[in-house]
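Peer 1: sharing a sequence plus its predicted fold:
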Amino acid sequence: MDDSDHQDGSPLPSGADQAHRLTADELAFLLRDPMLRAREAERAAKSNRSRTERRAADPAYAERLRAGDRERQRRRRLRESIGRPEPPEPVAADLPDLTVAQAEARLIDHLDGSPSAQAAQLRRRPDRIRLYAQAFVAYRILSAGGVRPTRGALAALLKSRFGRTVTPSQVQKLRDHVEGFAVAGGPWAMESPHPSGTARTRSARKADTDSHAPRPPRP
């Protein structure tokens, strides 16, 4: 008798058929009492609703959930990175040597020459302009070694040097804005500074505002 046949003459399942056969656990799951599956689904939905309501009502609980998510993502990235070469450290934007007042003056001059609605909106927020200038100085201090500052280091220096408290998302945007305003044609670009050192000529204002600047590619 051919080994490919059962004793009753029916053919044995091929390798492909065997690969698609359900496991014992899968069969047990499918054969469970439908009422039991419905009760389990209802309990899971109730648990999700309770967690959502508590997250909305309890900021500390919501932060713990977010911290747990971040930690799980960190561990996942760590597992995925095992055996991979270390990525190169991101390079910092090249910034001119300006004080807060000089950086602020260049940015104001840039905004004055921009016809965009975002620039007009930012011109009405002098404190935001000052914050950008302070972030510029903090970024320049931290990037002295040529490496892009981390968000944590930038937030810490803004706090210690200028008394500014910013959230992680805010400091991410500040870093992006500093780098965006440092691209060619921006107020903090290295080329063609105004002779006074405090403002740029009005012929090269192409950087966008209030996103507020063109975003450089992130590493």
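Peer 2: Thanks, I have it. No experiment lies behind these values; they were computed from the predicted model shown. Numbers count the residues shown, from 1 in each chain.
Peer 1: after the helix or strand that contains residue 70, which helix or strand is next? Please name it.
Peer 2: According to DSSP states H and E, residue 70 maps onto helix 59-81. Later in the chain than helix 59-81, the nearest helix or strand by DSSP H and E is helix 100-112.
Peer 1: for that next one, packing partners?
Peer 2: Under the contact criterion of 3 or more C-beta pairs under 8 Å, 6 or more residues apart in numbering; DSSP states H and E, helix 100-112 touches helix 117-123, helix 126-142. All C-beta atoms are positioned from the backbone trio N, CA, C, and that covers glycine.
Peer 1: contact partners of whichever helix or strand comes after the last one?
Peer 2: For helix 126-142, the following helix or strand on the C-terminal side (DSSP H and E) is helix 151-162. By C-beta atoms under 8 Å, 6 or more residues apart in numbering, the surrounding residues in contact with helix 151-162 are 134-135, 137-139, 141-142, 164-166, 168, 171-172, 174-175.
Peer 1: out of the helices and strands packed on helix 100-112, nearest to residue 59?
Peer 2: Closest to residue 59 of these is helix 126-142 (C-beta to C-beta; 24.7 Å).
Peer 1: tell me how far residue 69 lies from residue 161.
Peer 2: Distance check for residue 69 against residue 161: by C-beta to C-beta, to the nearest Å, it reads 32 Å.
Peer 1: just residue 116 next, same as before
Peer 2: 31 Å.
Peer 1: please apply the same query to residue 187.
Peer 2: Residue 187 sits 21 Å away from residue 161, going by C-beta to C-beta.
Peer 1: and those two? Which one has more around it.
Peer 2: residue 187 (29 against 13; other C-beta atoms under 10 Å).
Peer 1: isn't the more buried one right up against residue 112?
Peer 2: No: Residue 187 is beyond contact range of residue 112, at 10.4 Å (criterion: C-beta atoms under 8 Å).
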